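Chemist: I need the structure of the sequence given here:
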Amino acid sequence: MRVAKLSAAQGLEWIAAGWRLFRLQPINYATLLASYVFILLVAMLAADLLGQWCALVLPATLARAIGEAANVGLLAFIPGLSVGFIEASRTALRGAPIYPTVLIRAFRIDRRTTLSLLALGLLQIGLILLVSYLVVAPRPLAAAVDANGNFDLSKVPPAEAFDYFASSVLNILASLPVYLAFWYAPVLVAWHGMSVTKALFFSSAAVWRNHWAFCAYGLGWLVAGTTAMALVGIVLALLGLGNSAVVVGIPLMLVIVSVAYCSIYPSYSTVFVDNGVLPPVTLS
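Modeler: Numbers count the residues shown, from 1 in each chain. Below is the predicted model:
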């Protein structure tokens, strides 16, 4: 297996190939994403309930620590679950139907793979938290929440609002290298049996070798997402349905995020050539 060096235009082709993949089974892809979100929400609720139950029988500090540990443990499953979206694309190309159970397929390979994926998740969380600590994470805008729990940004002093958004942007930019280093790592662990360190090395090398393609990929998604949401907002405003923006926006975001997950497959299959696992994407 070797890492190819692709042109910047290939980043835009990944987005187009993701759309073509999504069109193969749009309902199944959307259902897969909805299932993924549902699983995370239920798990987060369970972690919150665990923290509340612990608060009833344990000291507050210990209960809070258990609740936070439960949330961290939950996030550790995300890299393994993300492999399910890439597996779904491979399944779609084979002409087989996609089922939500594909999300947990990576955890059913063997015990070593499961432990490696969980270790990968914990390492990613730890690095992101470290970056947030070093950069100074943005403080919640408490002044923006009224007595009824409604968010109103107009109540926040301009200087405080600017500091908040500046810190948020800085955190995102500082965390970006971590996310990119882990971009291909889960699938390398799951499909190629690599160790965590080896997967991170190959993933980082692949992203760096194709940094212009990834720049085009990121900018392409920024333009596509912003344009789609703006067009929907303009059309709804012209039709006098501005209050329906949320109703229309949620399905639109479901499609956009689904296509984004679909685009990871063509990215992997073109960057890692002679991989012995994935055929090239040749959808028309």
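
Chemist: which element follows the host helix or strand of Ala55 toward the C-terminus?
Modeler: For Ala55, the element it lies in under DSSP states H and E is helix 26-57. Following the chain from helix 26-57 toward its C-terminal end, the next helix or strand by DSSP H and E is helix 60-75.

Chemist: what is that following helix packed up against?
Modeler: Applying 3 or more C-beta pairs under 8 Å, 6 or more residues apart in numbering; DSSP states H and E, one finds that helix 60-75 contacts helix 26-57, helix 111-135. No exception for glycine: its C-beta is placed from N, CA and C like everyone else's.

Chemist: surely Trp19 meets Cys262?
Modeler: Yes. Between Trp19 and Cys262 there is a contact at 7.4 Å, judged by C-beta atoms under 8 Å.

Chemist: out of the two, which sits in the busier spot?
Modeler: More neighbours surround Cys262 than the other of Trp19 and Cys262, with 28 against 17 (other C-beta atoms under 10 Å).

Chemist: so what pLDDT did that one get?
Modeler: The per-residue pLDDT reported for Cys262 equals 91.

Chemist: what sits against it?
Modeler: The neighbours of Cys262, taking C-beta atoms under 8 Å, 6 or more residues apart in numbering as the test, are Ala17, Gly18, Trp19, Leu21, Phe22, Tyr29, Phe85, Ser89.

Chemist: cutoff 6 Å now
Modeler: Cys262 makes contacts with Gly18, Leu21, Phe22, Ser89, as judged by C-beta atoms under 6 Å, 6 or more residues apart in numbering.

Chemist: ok, and the most crowded of those residues?
Modeler: Highest neighbour count within these, by other C-beta under 10 Å: Ser89, with 28 neighbours.

Chemist: could you measure from it over to Cys262?
Modeler: Distance from Ser89 to Cys262, counting by C-beta to C-beta, to the nearest Å: 6 Å.

Chemist: touching both of those two, which residues are there?
Modeler: With the criterion set as C-beta under 6 Å, 6+ apart, the overlap between the contacts of Ser89 and Cys262 is Leu21.

Chemist: check what pLDDT Pro157 gets.
Modeler: With respect to pLDDT, Pro157 has a value of 63.

Chemist: can you map out the strands along this structure?
Modeler: 2-3, 272-273 (DSSP state E).

Chemist: run through who's touching the last one.
Modeler: Taking contacts as C-beta under 6 Å, 6+ apart, the residues outside strand 272-273 that touch it are Met1, Arg2, Ala4.

Chemist: check stretch 9-23 too.
Modeler: 29, 89, 213, 216-217, 220, 258-259, 262-263, 266-267, 281, 283.
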